[in-house]
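Visitor: My questions concern the predicted model and sequence given below.
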Amino acid sequence: MEVRKKYRGEAEVFTEALNDILFILLMFFLIVSTLANPNVVKLSQPKSDGDTKAKQNVVVSIDSLKQFYIGTSPVPMDSLKSLLIPLISKEKTDVPTIVINADKSVDIDAVVGVMRIAKELGAKTVLSVEKQ
């Protein structure tokens, strides 16, 4: 009687592709998270019942210290008009839109000043508010 030795191989898990998949998922979530909130200027906005949505191509933010921002870069009020002209000319719509993000503690004069500049440039303005 012949006795055979049983070959007992060790269990193995192939994880070569797992590293690639995890790296691709990590890159995907990093890219998506940066696109989720392009406006990083933290403001406490006024509240409203209406929900006005506008395509946010040009965003002017005013913080509680009356500092003006185009996107995320700070600009002085004196040069706001000259810096908005090239941004508005890039828009492909008939009537470009400027979204105003203003802190609720900002005087209305600062908001009206941005609205006047937008009117001079032929753009309409939308005041960004939080939904109640």
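Guide: Ah, there it is. Every value quoted in this text rests on a predicted model; they were computed, and no experiment measured them.
Visitor: Figure out how far the biggest helix by length in the chain is from the centre of its chain.
Guide: The residue-count maximum for a helix in the chain (DSSP state H) belongs to helix 16-36. Put simply, helix 16-36 sits 20 Å off its chain's centre (C-alpha atoms, centre = their mean, to the nearest Å).
Visitor: Give me the buried positions along it.
Guide: Buried residues in helix 16-36, defined by neighbour count with 16 or more other C-beta atoms under 10 Å: none. For every residue, glycine as well, the C-beta is placed using N, CA and C.
Visitor: Quick one: name whatever helix or strand follows the lowest-mean-pLDDT helix or strand in the chain.
Guide: The weakest-scoring helix or strand in the chain, judged by mean pLDDT, DSSP states H and E, is strand 47-48 (a mean of 62). For strand 47-48, the following helix or strand on the C-terminal side (DSSP states H and E) is strand 58-62.
Visitor: Check which helices and strands that following strand sits against.
Guide: If you count contacts as 3 or more C-beta pairs under 8 Å, 6 or more residues apart in numbering; DSSP states H and E, strand 58-62 packs onto strand 68-70, helix 80-90, strand 97-102, helix 108-120.
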